[in-house]
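A.B. asks: My questions are about this predicted structure, shown below with the sequence.
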Amino acid sequence: MATKRALPSHGKGHGKRAPGAGEGGAAATVARQRDIQDKAVQASKRAKKKAPAKKKPAQAGDRRQPTNPMPAQHLAKPGHEHALDLEPRFEAPGYEGSGKLEGMAAIVTGGDSGIGRAVAVLFAREGADVAVLHLAEAKDAAETRRHVEAEGRRCVVIAGDVRDPKFCKDAVRKVVKAFGRLDVLVNNAAFQQHVERLEDLSDRHLQETLQTNIAGYFHMARAALPHMEEGASIINTGSETGIFGSPKLLDYSATKGAIHAFTMALASNLLGRGIRVNCVAPGPVWTPLNPADKLAPDVAEFGRDSDMGRPAQPEEISPAFVFLASPVMSSYVNGVILPVMGGPRG
């Protein structure tokens, strides 16, 4: 015989609302929320009465880095590192090599100065021979070569324009002939020039940026790939501007966004060949690129509005390139855009 299910009773003492519900509970909640609001408002008023504290530049490395104001100067393009009043720090004295790139050969475009020079030096410290490609900064390139050779590795210096596919092919051939192999390509050469309005961006200016910053990456990768084998890698230099944009670097931001997309697409394309492709996206870095772009007063404030409250030095960026180049460290890292921006928004 089936058990008869008892029906819910609606008599006195049954069907009461949960504690805190109903009109009394709602009133208590409103009172509690208003009390929280009042205390928060009073705290905000007290805080606003105090003088706003100046943002203190963050120092998180093994040695203190320069802070603003940076030297207020303007350089003629392409910008020479030896002409900067404050020499960018690239030697990373606290970084000890451990053979992560032992026996390998690398090309670094824009390797005469800035991030490129810092990368070339650390690659050599990790055991790689390095080819430095540059536009016309012979004195700076010679200094990079001196530091690479001081690390006990060979260095080839080649001048030319990455906008020219023929130059890229010839340069790669020279490097392979000199070193007998090619394991790492760092696409780093760049052109940058601020303009106030899109209408101020001439066709000539636009093409200079596009052909250097993105077409040059295509030319170099296409020239290098026939000489690269399984385990090799390509590392592109992107930028925070390729993620967040920059109101007065419209063309530059667009090319950096394109570099990020190119990185991910080429990473998928080359995966079957065992060649990894990744990208480092730096925030503001103290290199000749910006003093050869901005007016002197703006250069003095360069990097102050970053999360760190100062620009990075090249030696703070270069270890990321070592990480991505080394099969020992990043054999399962492919197609990433690695932000090195001092914070979530640079």
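C.D. replies: Thanks, I have it.

A.B. asks: Wasn't Asn278 part of a strand?
C.D. replies: Yes - assignment of Asn278 by DSSP: H, G, I helix; E, B strand; the rest coil places it within a strand.

A.B. asks: Three-state assignment for the spatially closest residue to it that is not a sequence neighbour, please.
C.D. replies: Spatial nearest neighbour of Asn278, excluding adjacent residues (Cβ to Cβ, 6 or more residues apart in numbering): Leu324 at 4.5 Å. Every residue, glycine included, has its C-beta placed from N, CA and C. The local conformation at Leu324, judged by three-state DSSP, is helix.

A.B. asks: Find me the pLDDT at Leu324, would you?
C.D. replies: Looking at Leu324, its pLDDT is 98.

A.B. asks: show me where pLDDT drops low in the stretch 201-346 of the chain?
C.D. replies: 289-294, 302-303, 346 (pLDDT under 70).

A.B. asks: Recalculate using a threshold of 50.
C.D. replies: Flagging of the stretch 201-346 of the chain using pLDDT under 50 yields an empty set of residue ranges.

A.B. asks: what's the answer for the stretch 51-200 of the chain, then?
C.D. replies: Checking the stretch 51-200 of the chain against pLDDT under 50 turns up nothing.

A.B. asks: Run through the helices of it in chain order.
C.D. replies: Using DSSP state H, counting those that start in this stretch, the helices assigned to the stretch 51-200 of the chain run over residues 114-125, 138-150, 165-179.

A.B. asks: out of those helices, deepest packed?
C.D. replies: Of all the helices of the stretch 51-200 of the chain, helix 114-125 has the most neighbours on average by mean count of other Cβ atoms under 10 Å, namely a mean of 29.

A.B. asks: In the protein, where's the longest helix?
C.D. replies: Secondary structure of the chain per DSSP state H: the longest helix is helix 22-49.

A.B. asks: For that helix, the averaged confidence score.
C.D. replies: 80.

A.B. asks: From the contact counts, what lies against that helix?
C.D. replies: Helices and strands touching helix 22-49, by 3 or more Cβ pairs under 8 Å, 6 or more residues apart in numbering; DSSP states H and E: there are none.

A.B. asks: For my notes, confirm Leu338 occurs in a strand.
C.D. replies: Yes - secondary structure of Leu338 (three-state DSSP): part of a strand.

A.B. asks: Enumerate every residue touching it.
C.D. replies: Counting by Cβ atoms under 8 Å, 6 or more residues apart in numbering, Leu338 touches Asn278, Cys279, Val280, Ala281, Ala320, Phe323, Leu324.

A.B. asks: Let's see that with 6 Å instead.
C.D. replies: Residues in contact with Leu338, defined by Cβ atoms under 6 Å, 6 or more residues apart in numbering, are Val280, Ala320.

A.B. asks: hey, what's it bridged with?
C.D. replies: Legend: beta-bridge partners of Leu338 under DSSP bridges are Val280.

A.B. asks: switch to numbering from 27
C.D. replies: Taking 27 as the first residue, the last one we looked at is Leu364.

A.B. asks: From Ala57, how far off is it?
C.D. replies: Using Cβ to Cβ, to the nearest Å, one gets 50 Å for the distance from Leu364 to Ala57.

A.B. asks: got it, and Leu161?
C.D. replies: Distance, Leu161 to Ala57, by Cβ to Cβ: 70 Å.

A.B. asks: related to what we said a few turns ago, so the residue nearest to Asn304 touches Ser356, yeah?
C.D. replies: Yes - between Leu350 and Ser356 there is a contact under Cβ atoms under 6 Å: 5.4 Å.

A.B. asks: Those two - which one has more neighbours?
C.D. replies: Remark: of Leu350 and Ser356, Leu350 carries more neighbours, 24 against 18, as counted by other Cβ atoms under 10 Å.
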